[in-house]
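In: the sequence and its predicted three-dimensional model are supplied below.
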Amino acid sequence: MPPSTQSIVLIPGEINLDLILHGFNAFPALGREVLVDECLATLGSASAITAVGLARLGVPVRFVGKIGADVWGDQCLETMRGAGVDSTFVERSVGTRTGVTVAISSTADRALVTYPGAIAELTAADVPSAAWDGAAHLHVSSYYLQEGLRPSVPELFRRARERGMTVSLDPGGDPTGHWRGDVREAVGLTDLFLPNAVELEGIGGDADPVRCLTALEAEGRQVVAKLGARGSLALVNGRPESVPAPAVGVVDTTGAGDSFNAGFLAAWLGRRALVDCIRDGVCCGALATRGLGGTTTQADADELAAFRAACFGGE
């Protein structure tokens, strides 16, 4: 069953176009050229991919963001609206283009080069009072990439908590590798923290994932680590619990972690058991890798239910 229509998820976040170059034998060196097998221009960005994934699972999503007055922004907005994301509070930036990420992708992993564009212009002041109306949950992705929003993320989380909302954070990677800012303050204000393995180690400050989980959960939040092809790891009743990633024919891993977020959050907002939430997350993440782009093969609620039953049975 899809989550209650009352569980509106508010996502203030980045929107950019992904230009995916897929299928290569070696990364290009300076002064050299390589050929790829496929190319696709499609909706990108962690926040937008998570939003579309939630909407396809039947969760109402309200998005706040900025795009340029250009065809890239048009394409992104069309995809989001087509999936059912409320884009009332997405604004056009005058004089700044929509952000673009060039993803050089293979079946195993990808490298990303991003032009932030309008992404950097979004601030907490762009989240109006009307955007909060009826929202039950606040989700933020790409903490480090959102230069304008990042300083005010703790403020947004406090505002959500004052309204009785739950809060989740997917930090994304820090392009500098320094894990800047007050991310630990932001993490301390969440109900759910959803890093990948690199982010868990960088923010948790320990190469041992279980020690990181234990330390970050000390203040009562739930931490769920995304481990790519190895699935997911979390503490369940204080004990490490691994959930394997289902096997699929992987084409492109772009946005798999964001689709995990969508599956996990949809189940969590529906008050499912933690292990069931993680199973939905790994199923959604796996299904999203079957085609090029982060949203092209995301699951709807029926497809997720069938795939989950095939992978995990009635457990």
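Out: Good, I have the coordinates.
In: what residues does Ser93 make contact with?
Out: 66-69, 117-118, 121 (C-beta atoms under 8 Å, 6 or more residues apart in numbering). From N, CA and C alone the C-beta is placed, and that goes for glycine too.
In: so how far is Gly231 from it?
Out: 39 Å (C-beta to C-beta, to the nearest Å).
In: circling back: can you say which of the contacts of Ser93 are buried?
Out: 66-68, 117-118, 121 (16 or more other C-beta atoms under 10 Å).
In: now do the SS call for the residue nearest to Val198 when sequence neighbours are not counted.
Out: Nearest residue to Val198, sequence neighbours excluded (C-beta to C-beta, 6 or more residues apart in numbering): Gly173, at 6.4 Å. Going by DSSP: H, G, I helix; E, B strand; the rest coil, the secondary structure assigned to Gly173 is coil.
In: can you give me how far the one helix or strand Ser87 maps to is from the chain middle?
Out: For Ser87, the element it lies in under DSSP states H and E is strand 86-93. Computed by C-alpha atoms, centre = their mean, to the nearest Å, the chain-centroid distance of strand 86-93 equals 19 Å.
In: please save the CA atoms from it in CSV.
Out: What follows is strand 86-93 as a C-alpha-only set of coordinates in CSV (Å, rounded to 0.1, in the frame of the first residue of the first chain):
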residue,chain,number,x,y,z
ASP,A,86,4.4,19.6,-6.9
SER,A,87,6.8,22.2,-8.5
THR,A,88,4.8,25.3,-7.5
PHE,A,89,7.8,26.7,-5.6
VAL,A,90,10.4,26.1,-8.3
GLU,A,91,11.6,29.5,-9.5
ARG,A,92,13.4,30.6,-12.6
SER,A,93,16.7,32.3,-12.0
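In: what strands line up against that strand, and which way round?
Out: Paired neighbours of strand 86-93 in the sheet (DSSP bridges): strand 61-68 (parallel).
In: could I have the partner strand exported to CSV, CA atoms only?
Out: Only the C-alpha atoms of strand 61-68 are listed here, as CSV (Å, rounded to 0.1, in the frame of the first residue of the first chain):
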residue,chain,number,x,y,z
VAL,A,61,6.1,15.6,-2.8
ARG,A,62,6.5,19.4,-2.7
PHE,A,63,9.7,20.7,-4.2
VAL,A,64,11.5,24.1,-3.7
GLY,A,65,14.3,24.9,-6.0
LYS,A,66,15.8,27.1,-8.7
ILE,A,67,16.5,26.5,-12.4
GLY,A,68,17.5,28.8,-15.3
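In: which helices and strands does the helix or strand bottoming out on mean pLDDT in the chain pack with?
Out: Lowest by mean pLDDT, DSSP states H and E among the helices and strands of the chain is strand 110-115, with a mean of 85. For strand 110-115, the packing partners by 3 or more C-beta pairs under 8 Å, 6 or more residues apart in numbering; DSSP states H and E come out as strand 99-105.
In: what about the protein, any weak spots by pLDDT?
Out: Along the chain, segments meeting pLDDT under 70 span 1-6, 106-109, 181, 314-315.
In: switch the cut-off to 90
Out: 1-7, 22-29, 33-34, 94, 103-112, 114, 175-182, 218-220, 251-254, 313-315 (pLDDT under 90).
In: quick check: closest non-adjacent residue to the residue most central in space within it.
Out: Centroid-nearest residue in the chain, with C-alpha atoms, centre = their mean: Asp258, separated by 3.1 Å. Nearest residue to Asp258 in three dimensions, chain neighbours excluded: Ile49, at 3.9 Å (C-beta to C-beta, 6+ apart).
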